[in-house]
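S.K.: Requesting a structural model of the entry that follows:
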Amino acid sequence: MIDCGLSRFALWRPLRRQDTAAVVRELESVFLERGSPSKILTDNGTAFASGQFKQFTDSWDVRLRFQCGHVPSRNGIVERNHQAIKTIAAKKGCTVPEALYWYNVTPKDDVSPSTAPAEALHQYHVRVKGLEASPLPEPEATRDSIKVGDVVWVKNPAANAPCAMEPGILPR
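M.R.: Here you go, the predicted model:
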């Protein structure tokens, strides 16, 4: 999948099967994580032409647009994207997910990091693996650095949730 808008951000998910149920399952996962698009451009494959797929897109209020795979307009963007990711994987000798990562964090004008698809999509600086220094580790709080009467996070013993923390006063 590729955002055909300004970001050109790409997602690459393996499908165990090429049927409607598998496609719907992956698209729903993406929609739940990132939100649904206003429309989807797809080919005329049987997985996309089924009533089940139409029902899925209707439930998310997503318009469907069908186009033959060989039509060179927007499908050219998708095909160039796939070719770029496959080329990165071949040149770096890496997996497709790692090549996809490098595609998404690489600036498209070779100058400004903000032209990287990940930065255009997320609207914040994305640290690049192996190129940017790790942040300095946070100093660990010790018992000596906390004094009686300081406000600290305390687990509520009556709460069922494993992370039920609330501000409290350090007891004596």
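
S.K.: Residue 96: what's it in contact with?
M.R.: 12, 85-86, 89 (Cβ atoms under 8 Å, 6 or more residues apart in numbering). The way it works is simple: take the backbone N, C-alpha and C, and place the C-beta from them, glycine included.

S.K.: hey, where'd the helices end up in this structure?
M.R.: With DSSP state H applied, the chain shows helices at 20-34, 46-49, 51-59, 74-92, 96-105, 117-122, listed in chain order.

S.K.: From the contacts of residue 96, pick the one nearest residue 32.
M.R.: residue 12 (17.6 Å; Cβ to Cβ).

S.K.: Tell me the predicted confidence for residue 32.
M.R.: Looking at residue 32, its pLDDT reads 91.

S.K.: meant to ask about residue 21
M.R.: 94.

S.K.: Can we start the residue count at 41 from this point?
M.R.: Shifting the count to begin at 41 puts that one at residue 61.

S.K.: For burial, what's the neighbour tally of the nearest residue to residue 92 once chain neighbours are set aside?
M.R.: Leaving aside its sequence neighbours, residue 92 sits nearest to residue 60 (Cβ to Cβ, 6 or more residues apart in numbering; 4.7 Å). Look at residue 60: counted by other Cβ atoms under 10 Å, it has 20 neighbours.

S.K.: re earlier: what is the nearest of the contacts of residue 136 to residue 102?
M.R.: When the contacts of residue 136 are compared against residue 102 (criterion: Cβ to Cβ), the nearest one is residue 52, at 19.9 Å.

S.K.: Who wins on neighbours among the contacts of residue 136?
M.R.: Neighbour counts for the contacts of residue 136 peak at residue 125, which has 22 neighbours (criterion: other Cβ under 10 Å).
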